[in-house]
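A.B. asks: Here you go, sequence then predicted model.
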Amino acid sequence: MPLDEEQRALAARVSNWGRWGPDDQRGTLNLVDAAAVRRGAAAVRRGVTFSLSIPMDQHGPQTGRVLGRENPKHTTLVASYAFTGDPGDFATSDDKVETGLQSATHWDALAHAGYDRLLYNGVPADTISMEHGATKLGIEHFGPLVTRGVLCDVARLKGVDWFEEPHAITGGDLDGCVAGAGLTVEPGDVVLVRTGQMHWLRVGERERYADISPGIGLDAVEWLHDHDVAAIANDTHVFEPYPCPGANPFLFPVHMIELRDVGMPQGQQWDLDELAADCASDGVYEFLLSATPLPVTHGCGGLVAPTATK
């Protein structure tokens, strides 16, 4: 089932195709300029850091619902191995991880989703192949991402620990969070949205974490576009409300419009709880965000270990 007329009208209103040239592969990340980086650096007051990533292990969020996407498998290759056979000589240990690029805390590349056989900026969908991956719009085009981050704690705004239903986060919700924090979202900022959904993964209920979830709603897409946000991430498995509202629970219209039309990268499975608690305690909801993904050539997603510094 394709997008309906109203959704297609939204896609046309928020389209950034051609805004940064016909060959652009970075989308709204182009908004992160020197002023945005300096704004992020100026947000550091106490020098306190927060890790925003979940552990990469077999207890991760993947349930098998997404075909082939598995939790990270860690294997030790050699343990304290001495090449000469003499334990007094140099000894080394090595290991590897087998995992999908979106299995844990990650960014979606612009290649991740499209419709009508087109990706962002009119790139044909067949530039992605099983043999070569995303030959355009891959995660390697992301580049370094250091800018100001702004936390929108929607769960706290609504007075809940988490949502019992697939609440669709609106532009009004984001306005309420930003106004409450006394901030103005500026071009090149990255917005992080906390819903409280990470609770379910933390207590080991990964099916609940994945299968009944709040997320970024279609109403928020225009808000993000109009505020020239560089990228957005949240603490959920699906990113948008799931099951998706409407007749087709697998449509994922926010993915379709935000990645394909707006050209805005989106992040999922970010752990924002510790950061949110600190923001609530001191009333400061801005910080320096460092969130550069692994530059896997032709990757449709990128694992990331983001850090917020206040």
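C.D. replies: That came through fine.
A.B. asks: those helices in the stretch 51-200 of the chain, which residues are they?
C.D. replies: Taking DSSP state H, counting those that start in this stretch, the helices of the stretch 51-200 of the chain run over residues 154-158, 171-181, 198-202.
A.B. asks: in the last one, what counts as buried?
C.D. replies: Of the residues in helix 198-202, those scored as buried under the neighbour-count criterion (16 or more other CB atoms under 10 Å) are 198-201. Glycine gets a C-beta too; all of them are placed from N, C-alpha and C.
A.B. asks: same check, this time on stretch 281-292
C.D. replies: 284-291.
A.B. asks: Looking at these, which is nearest Met264?
C.D. replies: For those, the minimum distance to Met264 (CB to CB) is 14.0 Å, reached by Ala291.
A.B. asks: Report the central residue of this structure.
C.D. replies: The C-alpha lying nearest the average C-alpha coordinate of the chain belongs to Gly267 (CA atoms, centre = their mean; 0.4 Å).
A.B. asks: bridging residues for it?
C.D. replies: Gly267 has these beta-bridge partners by DSSP bridges: Trp107, Ala233.
A.B. asks: contacting residues around it?
C.D. replies: 105-108, 231-234, 239, 291, 304, 306 (CB atoms under 8 Å, 6 or more residues apart in numbering).
A.B. asks: if we can go back for a sec, closest to Glu165 out of the helices of the stretch 51-200 of the chain?
C.D. replies: Glu165 lies closest, by CB to CB, to one member of the helices of the stretch 51-200 of the chain: helix 154-158, at 11.6 Å.
A.B. asks: Name the residues that touch the closest one?
C.D. replies: By CB under 8 Å, 6+ apart, the residues outside helix 154-158 that reach it are 161-163, 167, 169, 173-174, 176-177, 180, 193-196, 214, 276, 280.
A.B. asks: Could you save the helices of the stretch 51-200 of the chain as CSV and add columns showing mean pLDDT and distance to Asp24?
C.D. replies: Supplementary listing: those in CSV, determined by pLDDT from 0 to 100; distance: least, CB to CB, whole Å:
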stretch, mean pLDDT, distance to Asp24
helix 154-158, 98, 31
helix 171-181, 98, 25
helix 198-202, 97, 33
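A.B. asks: Alright, calling it a day.
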